[in-house]
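Visitor: One predicted model, sequence on top.
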Amino acid sequence: MDYRFNTNGEVVFINKQAECLLFQEAGVFMRIGLLTTTAYSNYVQALIKSLWRALEFCDCSLYIFEGYSLMNNTAPDYQCNAVYRLVSQGRINALIISGQLSSRVGLDLVQDLAVKAGIPVVSFGIELEGIPSVVTNNFSGFEQIVSHLVSHGYKKMAHIGGPLKNPEALIRRDAFLKVVYQNGLEVPKRFMLEGNFSDVVGYNLTKKLIPHINDKEIEAIVCANDDTAIGAIKCLSDNGINVPKDVAVTGFDDAAASLGIANTLTTVYQPFDEMSQKAAELLLDKRKYVACDQVYTIEPRLVIRNSCGCRETSSAGPAGYSGSVSGTLRSHGRFLSLDEITFYSALTDSLTEYGMNSCYIVRFLAPTRFDDYASSGQSLKGTLLYGYSKGRRIQYTKSFDVSKILPDAIFNTLDGIALVKLVFIGKNQLGYIVMSAPESMTDFMADLCIDVQQYIENAFLAHEKQLVEKKLSDTLERLINTNRKLNELTVKDNLDKMNKIRFLANNMLQNRDIGSGDYYLILVEIDDFHEINAQYGFKEGEYIMRSISRILSSCIRDDDFLSHQSCERYVVLIKNIQGDVIRNIGERFLDSLNKLNASHGKPYTISISWGYCHAGIDSDFEKVYLEAEADLSRKKHLKDKS
């Protein structure tokens, strides 16, 4: 016969067979889902185990759905998330939503999801409108622990809370402030820190408090939950600060003790077993479940151990904390260096070694985005990448509707507690992992799932990288071929233009009156044309060419010659030379260009360079052109150096 503690700390024996008989008489066989942030915390592990104890004799199965990916959504679009499909459209008959989820995704999303799930829902830990809720008295529990610290004579306190969007965190903060103010104490705002209920953030926030602890400005750190407190204690220990000699630390939940982990943390015991029993009762007994605002509040109790400065007087579990921020099995990344074949082999070995019942990796036929409204109403198909059950590999080649979680033939083989974990990168949902294990191995299962998730995500990124590199390689090859063809065309085009210039120049010089028989060939180039064109776009390049063409044509006589040879180059031929032609034309060029730059309002300045050659009518035109080009090159080089 099993037992649990009641609200007075007394042992109550439970006849679970008799309790479950009531459910069986009501014709109940149910698959219960637990939607939470992650299975990877002491709090959720304690919740999983207490729910299993409430369900194990009731011919029920328990499925844990990690809802961490819902952080990518908001209340209007969460139905695009595959997790919503998995819990609301397929196998699950009833759902328990952990209040911890609202810490990550917000209360509005959790509230809307609970109402629209389409199956019976019970909220665990927070009150939801129109949904039966099972909660602990957070205010009373936090009042007890803060009052206990005050009784020690502590006057200088700091509070590391939970996320302010989480109702439990707000209630605990308010209770902390009430006791502080009632006792005439003050807490500076800089000592009121917002955490996220995790040990890692608890560790990092405590780092900020260390100088103040060393300066005797803080005597006690009141943490919103045990995981935060564990992180705080680890940080203090790493920095040579003794708990409780130098500073006291307290938590809330007593989840570690519920898991049988030895610890010395003064905390508040959250009655997981009683809360889980009530949640199961509401879901399993159809005669009692009504979608309503009914709130069932179960009283917590203060658990005094050593971290507050007391000698241990009461405990919900054994004393002497032996955990750490990094946990016992957090060796994540064990598969990352493996190729695909080796990975599947190593995964099979790990599943067997850790005593997992089964493991399945499902890939969506096409990745779907968290904000893909168009596909949210359509069937989402998946295929099995990997299957393992009770020591052997499982093959399944057909695609299936992922709302069923797994194909019928495979789903019915799941045994123990199942964990469903979405695999995603950025806004892309790739698939999910389904793993099942005995109740005693759920912490190992949570660890192993993280390793599998990391491998799949990295393998996907590597595959995407290969595709990108292949596309780049193909694009580069096409560019090389295109450039080769363009070069061939450019050479031909330039020769055609040169022949045209030669023909027009010769025609002009031979058929018009020439006073001296001499002329100037001027080559004009727009400076930095390609850079401006690349940075500001083709339209700006066209604007510059039009502007320079207009300036050059306005600075020469009607019977002189102007040709736009290429994007940045112009050819000018001046005949009937009189006076200092180069200086006069240059001054007209620059004066017009300065006026343009002063008026165009562009984020760049247009400038030109030119080179020239003085020649006679009988000169070899190609040589004249080359000498003008050499002069242009020298002047551009001098300009670059200056």
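Guide: That came through fine.

Visitor: Restricting to C-alpha, output stretch 266-277 in PDB.
Guide: Listed next in PDB are the C-alpha coordinates belonging to stretch 266-277 (Å, rounded to 0.1, in the frame of the first residue of the first chain):
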ATOM      1  CA  THR A 266      15.700  25.200   3.800                       C
ATOM      2  CA  THR A 267      12.700  25.400   1.500                       C
ATOM      3  CA  VAL A 268       8.900  25.100   1.200                       C
ATOM      4  CA  TYR A 269       7.500  21.700   0.400                       C
ATOM      5  CA  GLN A 270       5.100  21.800  -2.500                       C
ATOM      6  CA  PRO A 271       2.700  18.800  -2.100                       C
ATOM      7  CA  PHE A 272       3.300  17.200  -5.500                       C
ATOM      8  CA  ASP A 273       1.600  13.900  -4.700                       C
ATOM      9  CA  GLU A 274      -1.600  15.500  -3.400                       C
ATOM     10  CA  MET A 275      -1.800  18.000  -6.300                       C
ATOM     11  CA  SER A 276      -1.100  15.200  -8.800                       C
ATOM     12  CA  GLN A 277      -3.800  13.000  -7.200                       C
END
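
Visitor: In contact with the closest residue to Val44 other than its chain neighbours: list those residues for me.
Guide: Closest residue to Val44 apart from its sequence neighbours, by Cβ to Cβ, 6 or more residues apart in numbering: Thr36 at 5.2 Å. In short, each C-beta sits where N, CA and C put it, glycine included. Residues near Thr36 by Cβ atoms under 8 Å, 6 or more residues apart in numbering: Val44, Leu47, Ile64, Phe65, Glu66, Gly67, Ile97, Ser98, Gln100, Leu101.

Visitor: In terms of helices and strands, where is the last one?
Guide: Taking DSSP states H and E as the definition, Leu101 sits inside helix 100-105.

Visitor: Residues in contact with that helix: which ones?
Guide: Residues outside helix 100-105 that contact it (Cβ under 8 Å, 6+ apart): 35-37, 41, 43-44, 67-68, 70-71, 73, 78, 109-110, 125-126, 162-163, 165-167, 169, 196-197.

Visitor: quick one: which of those sit in strands?
Guide: Among the contacts of helix 100-105, the residues falling in strands (DSSP state E) are Leu35, Thr36.

Visitor: Of the contacts of helix 100-105, which count as buried by neighbour count?
Guide: With burial judged by 16 or more other Cβ atoms under 10 Å, the buried subset of these is 35-37, 41, 43-44, 67-68, 70, 73, 78, 109-110, 125-126, 162-163, 166-167, 169, 196-197.

Visitor: Longest strand in this protein, by number of residues?
Guide: From DSSP E, the single longest strand across the chain is strand 358-369.

Visitor: in that strand, what counts as buried?
Guide: For strand 358-369, by 16+ other Cβ under 10 Å, it's Ser358, Cys359, Tyr360, Ile361, Val362, Arg363, Phe364, Pro367, Thr368, Arg369.

Visitor: which secondary structure elements does it contact?
Guide: strand 381-389, strand 428-437, helix 442-511 (3 or more Cβ pairs under 8 Å, 6 or more residues apart in numbering; DSSP states H and E).

Visitor: quick one: secondary structure of Ser337?
Guide: Three-state call for Ser337 (DSSP: H, G, I helix; E, B strand; the rest coil): coil.

Visitor: what pLDDT does it get?
Guide: We have a pLDDT of 83 for Ser337.

Visitor: burial count for it?
Guide: Using other Cβ atoms under 10 Å, Ser337 has 10 neighbouring residues.

Visitor: Lowest average confidence across the helices and strands packed on strand 358-369, which one?
Guide: Of all those, helix 442-511 has the smallest average pLDDT, which comes to a mean of 68.

Visitor: Tell me the first helix or strand C-terminal of that helix.
Guide: Next in sequence after helix 442-511, counting helices and strands by DSSP H and E, comes strand 518-526.

Visitor: what's that next one packed up against?
Guide: Partner elements for strand 518-526 (3+ Cβ pairs under 8 Å, 6+ apart): helix 538-554, strand 569-575, helix 581-599, strand 608-616, helix 621-641.

Visitor: For Ala39, which non-adjacent residue is closest in space?
Guide: Distances taken as Cβ to Cβ, 6+ apart place Ala446 nearest to Ala39, at 4.1 Å, with adjacent residues excluded.

Visitor: ok, now Gly541?
Guide: Among residues not flanking Gly541 along the chain, Asn533 sits closest, at 3.7 Å (Cβ to Cβ, 6+ apart).

Visitor: how close does that neighbour sit to His600?
Guide: 16 Å (Cβ to Cβ, to the nearest Å).

Visitor: And the next helix or strand along the chain from the longest strand of the chain, what does it pack against?
Guide: Using DSSP H and E, the helix or strand that follows strand 358-369 in sequence is helix 373-376. Counting contacts by 3+ Cβ pairs under 8 Å, 6+ apart, helix 373-376 is packed against no other helix or strand.

Visitor: Swap in 10 Å and give it another go.
Guide: The contact analysis (3 or more Cβ pairs under 10 Å, 6 or more residues apart in numbering; DSSP states H and E) places helix 373-376 against helix 82-88, strand 358-369.

Visitor: could those be laid out in JSON lines, adding distance to Cys555?
Guide: As requested, these are exported to JSON lines (distance: least, Cβ to Cβ, whole Å):
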{"stretch": "helix 82-88", "distance to Cys555": "69"}
{"stretch": "strand 358-369", "distance to Cys555": "58"}
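
Visitor: Between the ones you listed, which one is closest to Leu414.
Guide: Proximity to Leu414 (Cβ to Cβ) singles out strand 358-369 among the helices and strands packed on helix 373-376, at 6.0 Å.

Visitor: Could you list the paired strands of that closest one along with their orientation?
Guide: Sheet pairing here is set by DSSP bridges, and for strand 358-369 it gives strand 381-389 (antiparallel), strand 428-437 (antiparallel).

Visitor: Most tightly packed of these?
Guide: Sort the strands paired with strand 358-369 by mean neighbour count, taking mean count of other Cβ atoms under 10 Å, and strand 428-437 sits at the top with a mean of 23.

Visitor: And that one, how far out from the chain middle?
Guide: Averaged C-alpha coordinates place strand 428-437 at 17 Å from its chain's average position (Cα atoms, centre = their mean, to the nearest Å).

Visitor: hang on, Lys421 packs against Tyr432?
Guide: Yes. Here Lys421 reaches Tyr432: they are 6.1 Å apart, a contact under Cβ atoms under 10 Å.
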